[in-house]
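>>> need a 3D model of the following:
(one chain, ligands or ions: 1)
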Amino acid sequence: MCGIFAVVNDKTGNAAQTVLAGLKKLEYRGYDSWGIAIKPTSPETAKLQIEKHIGKIGEAQTSLPAGTIAIGHTRWATHGGVTDANAHPHLDCTGKLAVIHNGIVENYLEFKEDLIKKGHKFSSETDTEVVAHLVEEKIKNQKLTKAVFETFNELVGSNAIGVIDYETETIVACRNGSPLVVGVDEKNKQYFLGSDVPAFLKYTNKVHFLDDGESVVITTNEIKLFDLKTGAEKKLSLQTLDWKLEDAEKGGFSHFLLKEIMEQKETIAKTASVNEKEIGEIASLIKQGFKIVLTGCGTASYCALAGKYFFAKAGIESQTYGSYEFLPFSKFIDKKTLVIAISQSGETADTLIAVRQAKKNGAKIVSIVNARGSTLERLSDIILAVGAGPEIAVVSTKAFTSQLATLYLLSKAAENKYDEGKKQIKELKETLTLWIDKLSTRLIGLAKTLVDQEHIYLIGKHLNYPATLEFALKLKESSYLHAEPFAAGELKHGVITLIQKGTPCFVLASNDEVKGEILSSAAELKARGGRIIGVAPFKSSEFDEVVETPDLADLTIFGNIIAGQLLGYYLGIGRGADPDKPRNLAKSVTVK
Ligand code: F6R
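Reported below is the predicted structural model:
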């Protein structure tokens, strides 16, 4: 939610352009509005210059003047509507300080009243603007750094801020709960600040992910790390990421979503070559009798549910809770519980709340994450980094299948069949590659017949049940079509009333123990006039048509789900949606 970007010592001398390009890479974090503040090289007034606009940043241009230090923001609105005035950065009354912010300042109203009494003029409805005025107030008696630290320590909520000061040409950034990372281009002495690495990957892969309670102070001479509570300086050690620039570019594809769907030919199999040691460690805890609780939100929660089926197949009991409904059940979590938290971003607020509670109860935390350096990683005892690379499209695809593959490997390891699982996952590469390349033509044809529909229903059973939930979510997110998934057995308990002549009904199936039952459910839908579209590795007389997927035993759901991802993409295109940036959604939901 919301993207932060800043540069100091921009070597092009056009920091506003650099910031704009960086914000475009962060657009997936929020696309209600965007804005930039710069200290011009030749200022007409002794003030920061600002440009802000509502709408998507994709095609935006900036007319801000030349400069070498600037900050920018792309917004996902929380407090205050989507207006130019509410777009960040927010200025103080002097126009010399500007603030960008990701998070929610829960106690902003108490500050605002007091600041208004002191004569501060507010020009937005946001919680963020109080930060600019608070720093302005404090800077009267102390240095910028201390004023920002003190202000930040008074804020309640999960927040990350960046403050630019005209006078000292300094950017101070602080983190508590919302992600922040700095990048250092040592050769050109350029410093970057971002909510995520892709924003500055073009310039450097040497980074430091800020921890909660840390601040960086960036001047034209240096970058320093501080502890926010004590104000003491800390050693800044940079890590070098193995991400390549191509990972954050579209690479010839029309959208990141399509690129990331196609990348699964490689990314799923890659999970078989990582985390072997960690998976062994977790399997050993399971064998010692640790009970398993899986949690996550949205797509990650469906991954958790699929994990529950994988573990059940391996003869191991597990429990699954959506992280947003975790707390009532947290009393059952104890020292002998392994909480497996699944998240692409590692920053989802509800998931972090669940994990923090589980940690309080003494549970061991395992995270299955994609993004690196996240809060979830820091909270974890064991990290399974799935290594799918940056996922830029808001809709999760390759991170999901890598997480799913990781859970499969874990369930196999827990029943002492890790090598078998590894082989199966590795083999997916070739099978999926051959199949995906032919899938597009089939799905474009299908999408054309569905593009004007209003409702689609989907059923699946056993492993294909979570697959159906995920398939439906992809259709909804990418194309705004109402797609309602059910466990096959549930449909006849009420919702079958909605099936009429021609209603599209997807039936996800595998050659498994419930093939006969799911086909009976398909027949029931067909008898009510439903148009039955099978997604399965076989043809059947119960299907009016079929999207054939590879027969991969328990792993058939990989193909079944990928078919949903790609169909969602083509339906989105056909229905005029932006597949990379669905309306109202943000990539990383860092608020409750
Ligand atoms: C699905 C999607 C969301 C996320 C959910 C959790 O395509 O984008 O449902 O899966 O918000 O996000 P992470 O995995 O980052 O915790």
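>>> skipping adjacent residues, who's closest to residue 181 in space?
For residue 181, ignoring the flanking residues on the chain, the nearest one in space by CB to CB, 6 or more residues apart in numbering is residue 209 at 4.9 Å. (Each C-beta comes from the backbone N, C-alpha and C, glycine too.)
>>> identify the residues contacting the one you found.
By CB atoms under 8 Å, 6 or more residues apart in numbering, the residues touching residue 209 are 179-181, 372-374.
>>> of all those, which comes closest to the ligand?
For the contacts of residue 209, the minimum distance to the ligand (CB to the nearest ligand atom) is 8.7 Å, reached by residue 374.
>>> correct me, but that closest one touches residue 344?
No: applying CB atoms under 8 Å, one finds residue 374 not in contact with residue 344, separated by 9.4 Å.
>>> so what's residue 532 up against?
With contacts defined as CB under 8 Å, 6+ apart, residue 532 is in contact with 505, 507, 522, 525-526, 542-545.
>>> what's across from it in the sheet?
According to DSSP bridges, the residues that bridge with residue 532 are residue 505.
>>> alongside the ligand, which residues does the stretch 251-400 of the chain contribute?
The stretch 251-400 of the chain has residues 297-300, 343-345, 348, 351, 394-396 near the ligand, with proximity defined as CB under 6 Å from any ligand atom.
>>> which residue does this protein have closest to the ligand?
residue 298 (1.9 Å).
>>> from the contact counts, what lies against the strand or helix carrying residue 175?
Secondary-structure assignment from DSSP states H and E places residue 175 in strand 170-176. Applying 3 or more CB pairs under 8 Å, 6 or more residues apart in numbering; DSSP states H and E, one finds that strand 170-176 contacts strand 3-8, helix 144-154, strand 159-165, strand 214-218.
>>> quick one: the ones you listed as a markdown table, columns for mean neighbour count too.
Written out in a markdown table, the entries for the helices and strands packed on strand 170-176 read as follows (neighbours: other CB atoms under 10 Å):
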| stretch | mean neighbour count |
| --- | --- |
| strand 3-8 | 30 |
| helix 144-154 | 20 |
| strand 159-165 | 26 |
| strand 214-218 | 23 |
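>>> show me the shaky parts of the stretch 1-150 of the chain.
By pLDDT under 70, the low-scoring segments of the stretch 1-150 of the chain are 1.
>>> what is the burial count for residue 26?
The tally of other residues near residue 26 (other CB atoms under 10 Å) stands at 26.
>>> swap in residue 121?
Residue 121 has 9 nearby residues by other CB under 10 Å.
>>> hmm, it is touching residue 93, no?
Yes: the criterion here is CB under 8 Å, and residue 121 meets it with residue 93 at 5.7 Å.
>>> pretty sure residue 267 is in a strand, no?
No: secondary structure assignment (DSSP: H, G, I helix; E, B strand; the rest coil) places residue 267 in helix, not in a strand.
>>> distance from the strand holding residue 175 to the middle of the chain?
The offset between the C-alpha centroid of strand 170-176 and the centroid of the whole chain comes to 22 Å, using CA atoms, centre = their mean, to the nearest Å.
>>> in its sheet, what does that strand sit against?
strand 159-165 (antiparallel), strand 214-218 (antiparallel).
>>> still on that earlier bit, of residue 374 and residue 344, who's got more company?
Neighbours of residue 374 and residue 344, each counted by other CB under 10 Å, are more numerous for residue 344; the result is 29 against 25.
>>> can you pull the contacts of the nearest residue to that one once chain neighbours are set aside?
Beyond its immediate neighbours in the sequence, the residue positioned closest to residue 344 (CB to CB, 6+ apart) is residue 399, lying 4.0 Å away. Applying CB under 8 Å, 6+ apart, we find residue 399 in contact with 344, 370, 386, 388, 391.
>>> Three-state assignment for residue 468, please.
When states are read from three-state DSSP, the local structure at residue 468 comes out as helix.
>>> from what I see, it and residue 462 are in contact.
No: Residue 468 is not in contact with residue 462 according to CB under 8 Å; the separation is 10.5 Å.
>>> neighbour count winner among these two?
More neighbours surround residue 468 than the other of residue 468 and residue 462, with 31 against 21 (other CB under 10 Å).
>>> the nearest residue to that one once chain neighbours are set aside bridge partners, please.
If you skip the residues right next to it in sequence, residue 468 has residue 460 as its closest partner in space, 3.3 Å away by CB to CB, 6+ apart. Residue 460 forms beta bridges with residue 487, as assigned by DSSP bridges.
>>> burial count for residue 460?
When counting by other CB under 10 Å, one arrives at 29 neighbours for residue 460.
>>> what ranges does the stretch 51-200 of the chain have for its strands?
Remark: strands assigned in the stretch 51-200 of the chain by DSSP state E, counting those that start in this stretch are 67-75, 90-91, 97-103, 159-165, 170-176, 181-185, 190-194.
>>> try the stretch 351-500 of the chain
With DSSP E, counting those that start in this stretch, the ranges of strands along the stretch 351-500 of the chain come out as 364-369, 382-385, 455-460, 482-487.
>>> figure out which of those is closest to residue 160.
When the strands of the stretch 351-500 of the chain are ranked by distance to residue 160, counting by CB to CB, first place goes to strand 364-369 at 18.4 Å.
>>> show me the contacts for the closest residue to residue 454 other than its chain neighbours.
Taking CB to CB, 6+ apart, and ignoring the residues beside it in sequence, residue 454 has residue 482 as its nearest neighbour in space, at 6.0 Å. Neighbouring residues of residue 482 by CB under 8 Å, 6+ apart: 454-456, 476.
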